[in-house]
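> Predicted model, plus sequence, below.
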Amino acid sequence: MKKEFILSKIEAAHDGSPYVYVGFVDPNDSKSGEARQQNPFGTKAMAFTSPEDLMKNLPKAMGNITGMMGGGGFGDSLTFNLSMREYEEMGLKVGDRVSIEIKKKQDSGI
């Protein structure tokens, strides 16, 4: 199965580990076309649009971690946990269209 999504959110890991959470929305979903609030994480959280933004604002975001945790989160969007290296290599930013392919693994049984 292969499906197209739009990158809607990028968030630093709450525990300070070198990971980034990226959230995707289905462009065919009726809710994704509705007007959204300026910050999709809520009013207390910080959103990042590039790796440079993330690294520049990480100390500030970590200082506001309690606000981030109570500020909305990803809800029911499709979310992936990427290492900083994977995130930087892909060059992802909010608004990018991506294709995600899911395949069932065929085991040989041994």
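Noted; the coordinates are in hand.

> Could you use CA atoms for every contact and neighbour count after this?
OK.

> Any idea how many residues pack against residue 82?
Neighbour count of residue 82, defined by other Cα atoms under 10 Å: 16.

> wait, doesn't it sit right on residue 13?
No: Residue 82 is not in contact with residue 13 according to Cα atoms under 8 Å; the separation is 9.7 Å.

> Remind me which helix or strand residue 57 belongs to.
Using DSSP states H and E, residue 57 sits within helix 51-63.

> Could I get the buried residue list for stretch 1-8?
5-8 (16 or more other Cα atoms under 10 Å).

> for the chain, longest strand please?
Across the chain, the longest stretch assigned as strand under DSSP state E is strand 2-12.

> Adjacent strands (with direction) for that strand?
Strand 2-12 pairs in its sheet with strand 19-25 (antiparallel), strand 97-101 (antiparallel), by DSSP bridges.

> Now that strand: average pLDDT?
For strand 2-12, mean pLDDT rounds to 91.

> Return the alpha-carbon coordinates of that strand using CSV.
As requested, the backbone C-alpha atoms of strand 2-12 are provided in CSV (Å, rounded to 0.1, in the frame of the first residue of the first chain):
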residue,chain,number,x,y,z
LYS,A,2,1.4,3.4,-1.0
LYS,A,3,-0.3,6.6,0.2
GLU,A,4,0.5,10.3,-0.1
PHE,A,5,0.6,12.6,3.0
ILE,A,6,1.5,16.2,3.8
LEU,A,7,4.0,17.0,6.6
SER,A,8,2.1,19.1,9.0
LYS,A,9,4.1,19.2,12.3
ILE,A,10,7.7,18.8,13.5
GLU,A,11,8.5,18.6,17.2
ALA,A,12,11.6,17.9,19.2
